[in-house]
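In: Quick one, structure for this:
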Amino acid sequence: MMFSGNWQGSQNIHSEVQRLLTYLSSSKPPSVRFALPWEPAVDVYETETEVVVTLELAGVKKDEIEIAIGDNNMLFIRGQRQESKSRSSRRRYYQLEIHRGPFQRRIPLPSPVDADRAEATREDGILQISLPKVKPAQLHIEIKTFRKLEQ
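Out: Residues are numbered from 1 along each chain as shown. Have a look, this model is predicted:
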């Protein structure tokens, strides 16, 4: 396909796009962050006897975490990572990647679990929730013979 438009006009557009890209790449990120919920990384696996959920929650205090199991075998985890007390308002950050503020996860579990026997442990910033599986009920249905009624 051949370009039949104004060559001068396309060079102006090119230089304007280049100028915009240079401006955007050199500008600093906004200094204000809104406390939107973030989602910690999660691993979910199961063994023959339990479902295990592992979350990466470094810097989150034990009393800042809530765990619940809802209907339809859904695990709910929410909490908050507080701002560091050592952070000063006089600091100028150039990179700010650690999420702070409220978080929440809604995790579908692959098998029915016994919520009353669930256990949670925390070590080195990793929260592990062990959920024992519910054993399927043994259902035995007796087959009866169907007799026709005689007339």
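In: Excluding sequence neighbours, find me the nearest residue to the most centrally placed residue in the chain.
Out: With distances taken as CA atoms, centre = their mean, the residue of the chain nearest its centroid is E39 (3.5 Å). In this structure, E39 finds its nearest non-sequential neighbour in R105, 5.8 Å apart by CB to CB, 6 or more residues apart in numbering. (C-beta placed from N, C-alpha, C; glycine too.)
In: The one you found in helix, strand or coil?
Out: strand (DSSP: H, G, I helix; E, B strand; the rest coil).
In: Give me the pLDDT value at it.
Out: If you check R105, the pLDDT there is 93.
In: who's in contact with it?
Out: With contact set as CB atoms under 8 Å, 6 or more residues apart in numbering, R105 has these partners: 39-40, 42, 55, 75-78.
In: Show me just the buried residues among those residues.
Out: The neighbour-count test (16 or more other CB atoms under 10 Å) marks 40, 55, 75, 77 as buried among those.
In: Tell me where the model's unsure across this protein.
Out: The chain contains residues with pLDDT under 70 at 1-11, 26-36, 85-89, 138, 149-151.
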